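here is my input; please provide its structure:
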Amino acid sequence: MSTNIELKARVIDWERQRQLAIALADGAVVEIDQVDTFFAVPAGRLKLRQLAPDRGELIFYQRPDQAGPKRSEYTVTVTDSPGSLCDTLARALGVSGEVRKRRWLFLSGKFGGQTRIHFDEVKGLGQFLELEVMMAPGQPVEDGERVAMLFRAALDIRDEDLIECAYVDLLTAYSGGI
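Next up, the predicted model:
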């Protein structure tokens, strides 16, 4: 399994924080439309991310629900048939939720770590910012947490804006369940 250190927060000032991310980024921003379908599994989370009719990723991950930096262990399997895979998994496991979002992805090697900075507009929820510090095999978790905290400060992420759980959990809570 691969490991990230992740942090998620509500955006307080979209334009200003995006400008801060542009200053931190190593290259141009990439805009991505995503539909994440979550499936009922006994542990962790399993989602199929549909990026295009012929491009998707099946992602299994485990991470604690807590504010601030958290360790996420995950595996990704690429598919060129996301629609049929989604149908198969839905029949076998059941769907537990769906998240539709537009994501702006910035990559940065600042502060001694490779980090993905996501600005997300999530349908039904609003605007969020997510950090994923990519960890090398065997790298101490504390290294990733330090990098995440430096990005948090550089992007002006406040304590009260931190999110503990996944978007799908927020959507389910707001809708009263699926």
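
so which residue is dead centre in this protein?
Glu130 (6.0 Å; Cα atoms, centre = their mean).

quick one, phi psi at the residue nearest to it when sequence neighbours are not counted?
Spatial nearest neighbour of Glu130, chain neighbours left out: His118 (4.2 Å); criterion: Cβ to Cβ, 6 or more residues apart in numbering. Backbone N, C-alpha and C define where each C-beta goes, glycine included. When quoted as degrees, to the nearest 10, the phi and psi of His118 stand at phi -110, psi 130.

my read: His118 touches Glu132, true?
Yes - shown here, His118 and Glu132 form a contact pair, counting by Cβ atoms under 8 Å, at 7.3 Å.

buried stuff in the lowest-mean-pLDDT helix or strand in the chain?
In the chain, the helix or strand scored least confidently by mean pLDDT, DSSP states H and E is helix 167-175, which has a mean of 85. By 16 or more other Cβ atoms under 10 Å, the buried positions in helix 167-175 come out as 167-172.

quick one: contacts of it?
36, 38, 45, 47, 65, 96-99, 101, 120, 122, 124-125, 128, 163, 178 (Cβ atoms under 8 Å, 6 or more residues apart in numbering).

just how off-centre is it within its chain?
Taking Cα atoms, centre = their mean, to the nearest Å, the mean C-alpha location of helix 167-175 is offset from the chain mean by 15 Å.

alpha carbons of it, as PDB, please.
Extracted C-alpha coordinates of helix 167-175, given in PDB (Å, rounded to 0.1, in the frame of the first residue of the first chain):
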ATOM      1  CA  TYR A 167     -16.800  14.400   1.400                       C
ATOM      2  CA  VAL A 168     -19.100  11.500   1.100                       C
ATOM      3  CA  ASP A 169     -19.600  11.500   4.900                       C
ATOM      4  CA  LEU A 170     -20.500  15.200   4.800                       C
ATOM      5  CA  LEU A 171     -23.000  14.700   2.000                       C
ATOM      6  CA  THR A 172     -24.600  11.700   3.800                       C
ATOM      7  CA  ALA A 173     -24.800  13.800   7.000                       C
ATOM      8  CA  TYR A 174     -26.400  16.800   5.200                       C
ATOM      9  CA  SER A 175     -28.900  14.600   3.300                       C
END
